[in-house]
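Visitor: sequence and predicted structure, then a few things I'm wondering about:
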Amino acid sequence: WVASADPHEDFLQCLHYQNSNAISKVIYTPINSSYSSVLQFSIRNGRFNTSATPKPLVIVTPLNVAHIQAAIACSQKHGLQIRVRSGGHDYEGLSYVSVLPFVIIDLINMRTVTVDIGNKIAWVQAGATLGEVYYRIAEKSRTLAFPAGVCPTVGSGGHISGGGHGMMMRKYGLAADHIIDVKLIDAEGRILDRASMGEDLFWAIRGGGGNTFGVVVAWKLELVTVPPTVTVFNVTRTLEQNATKLAKTDYVNVKEPIPEIALEGIWERLNQLDAQVAQLQFTAYGGKMDEISETSTPFPHRAGNLFQIHYAVFWGDQDSERSQIYTSWIRKLYSYMTPYVTKNPRQAYINYRDLDLGMNNLGNTSYKQARIWGTKYFKNNFDRLVHVKTKVDPANFFRNEQSIPPLSSW
Ligand code: FDA
């Protein structure tokens, strides 16, 4: 892997050489008129869509496995980073931003969903959104479903790689709990399925986070049974209607109910901002989540957690003063919550990525440094993830600011 004087040109030539078969139609560079629209299409966080945001040298939108293999081989040969993107919902933009020279493999063209009602399974390509998955299942059956996230635009590739929870979590667990096979391309360009990769790697890719072990091309889902009719309702309460006395618990894996006095402190902080700007979303755990062991997938937040709190603040422009006010506000709220949530370590969910928890040094990823953020997301499963990474990608080709490091980087 020796970087040449012009890795970008060499990379393009390499792609054409590796696979002249139609790959030129799915390569975008900054001189291409569609480059910006392809890049921006699935960016969900406006903080990483500015003129100052580092941009990829090349975007490849593969039509098939051979295109992905070619992009991996050429990135390795010319020392470029790879960022894999499915739905682009990464909270820190890691699927489309890197400070090192990089290439995006965007799976937007690989989104086929094939549902087999008789066997209660579906094969879903990683570029399919959750909405597309739900739609294709619902087209064929009113009594089968897949338990994954709420937002229809989220991509299957990143979402399931990090666990994936939604409305059916208490009944069925996570999306990753219902993956029964996979097609993954590893750093050597091999296409692996569950049988050929072995159970260790199959365990790691179902919750250990994306862009670490390879490129997921497709997941095989086990569908679950649901009633044909579901009743949904909302109960609205204001503070004047004693809302504080309804909300009985807390945050990313809170083990003890939050005291009323702490809730009052939250309302006070929410009232410091304009209405509609900030949101705390409480997701109830329990049920099936309590029955699945902490080690059955890399996602460890199982029995004993009452609920998770997701903190969000929204603003529509790129006004830097406003950005500062809001990010500082949310950091203070997070700090205020410290006594009421999990401790040693304070826990977090990899799909709600947060670089404030710690980051790898991209040049020379250190195990010790990664352990700081890694145990917050994965608790004791972190070490098993490191072990798998060491076996399958010892050169640490697939990496980002929060990817699992191999052990050689102690
Ligand atoms: P994106 O393409 O940005 O990828 C995320 C990460 O996975 C990146 O590191 C990327 O490189 C890697 N990756 C992507 N595709 C890959 C592939 N094929 N192979 C290997 N690595 C790959 N979560 C939840 O559990 N429940 C929910 O209800 C929601 N709802 C929600 C709503 C909204 C509006 C947002 C922005 C986010 C959520 N999430 C969520 C969080 C979501 O699950 C998380 O951001 C996922 O990683 C998004 O997956 P994408 O493929 O969309 O992201």
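Guide: That came through, no problem. Numbering: from 1, shown residues only.
Visitor: and the gap between residue 358 and residue 329?
Guide: Separation of residue 358 from residue 329 (Cβ to Cβ, to the nearest Å): 22 Å. The C-beta positions use only the backbone N, C-alpha and C, and glycine is treated the same way.
Visitor: revised request: answer the last question for residue 279.
Guide: The gap separating residue 279 from residue 329 is 12 Å, by Cβ to Cβ.
Visitor: give me the number of residues near the residue nearest to residue 63 when sequence neighbours are not counted?
Guide: Residue nearest to residue 63 in three dimensions, not counting chain neighbours: residue 109, with 5.3 Å by Cβ to Cβ, 6 or more residues apart in numbering. For residue 109, the tally of surrounding residues (other Cβ atoms under 10 Å) stands at 14.
Visitor: go on, residue 354?
Guide: If you count neighbours by other Cβ under 10 Å, residue 354 ends up with 18.
Visitor: just give the nearest non-adjacent residue to it, would you?
Guide: Nearest non-adjacent residue to residue 354, counting by Cβ to Cβ, 6+ apart: residue 348, 6.0 Å away.
Visitor: need the phi and psi values for the one you found.
Guide: Geometry field for residue 348 lists phi and psi as phi -150, psi 170, criterion degrees, to the nearest 10.
Visitor: rewinding a little: look up the pLDDT of the residue nearest to residue 63 for me, please.
Guide: For residue 109, the pLDDT comes out at 98.
Visitor: OK, contacts around it?
Guide: Applying Cβ atoms under 8 Å, 6 or more residues apart in numbering to residue 109 gives the contacts 26, 61-63, 127.
Visitor: ok, 10 Å please
Guide: By Cβ atoms under 10 Å, 6 or more residues apart in numbering, the contact set of residue 109 is 26, 61-64, 67, 125, 127.
Visitor: what's the answer for residue 382, then?
Guide: 208, 298, 300, 367, 370-371, 373-376, 404.
Visitor: can you put the residues you listed in CSV and add secondary structure, neighbour count and distance to residue 102?
Guide: Below are the contacts of residue 382 laid out as CSV (DSSP: H, G, I helix; E, B strand; the rest coil; neighbours: other Cβ atoms under 10 Å; distance: Cβ to Cβ, whole Å):
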residue, secondary structure, neighbour count, distance to residue 102
208, coil, 30, 21
298, coil, 27, 25
300, coil, 21, 30
367, helix, 20, 23
370, helix, 24, 20
371, helix, 17, 25
373, helix, 23, 21
374, helix, 27, 22
375, helix, 19, 27
376, helix, 20, 26
404, coil, 31, 19
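Visitor: ok, those vs the ligand, which is closest?
Guide: Taking Cβ to the nearest ligand atom as the measure, the ligand lies nearest residue 208 of the contacts of residue 382, at 10.2 Å.
Visitor: SS state for residue 103?
Guide: Following DSSP: H, G, I helix; E, B strand; the rest coil, residue 103 is assigned to strand.
Visitor: look up how far the ligand lies from it.
Guide: Distance of residue 103 to the ligand, given as Cβ to the nearest ligand atom, to the nearest Å: 12 Å.
Visitor: and the residue of the stretch 201-350 of the chain closest to the ligand?
Guide: Closest point on the stretch 201-350 of the chain to the ligand, by Cβ to the nearest ligand atom, is residue 210, at 2.3 Å.
Visitor: quick one: neighbours of that residue, just the number.
Guide: The tally of other residues near residue 210 (other Cβ under 10 Å) stands at 30.
Visitor: mind checking how far it is from residue 305?
Guide: From residue 210 to residue 305 the distance is 23 Å (Cβ to Cβ).
Visitor: hang on, the earlier thing: between residue 279 and residue 329, which is the more surrounded one?
Guide: residue 329 (18 against 11).
Visitor: what sits against the more buried one?
Guide: Applying Cβ under 10 Å, 6+ apart to residue 329 gives the contacts 269-270, 272-273, 277-278, 311, 313.
Visitor: distance check, it against residue 137.
Guide: For residue 329, the distance to residue 137 equals 40 Å [Cβ to Cβ].
Visitor: pLDDT weak spots in the chain?
Guide: 1-5, 19-21, 243-246, 248-255, 275-276, 409-410 (pLDDT under 70).
Visitor: quick check: residues of this protein near the ligand?
Guide: Contact residues (Cβ under 6 Å from any ligand atom) of the chain with the ligand: 44, 83-91, 94-95, 107, 126, 149-151, 154-155, 157-159, 161-162, 164-166, 210-211, 215-216, 351, 400.
Visitor: from these, which ones fall inside strands?
Guide: Applying DSSP state E to the residues of the chain next to the ligand, the entries found in strands are 83-85, 215-216.
Visitor: and the closest residue to the ligand within the stretch 1-150 of the chain, what are its phi and psi?
Guide: Relative to the ligand, the nearest point of the stretch 1-150 of the chain is residue 87 (2.4 Å; Cβ to the nearest ligand atom). Dihedral angles of residue 87 (phi, psi; degrees, to the nearest 10) stand at phi -100, psi -10.
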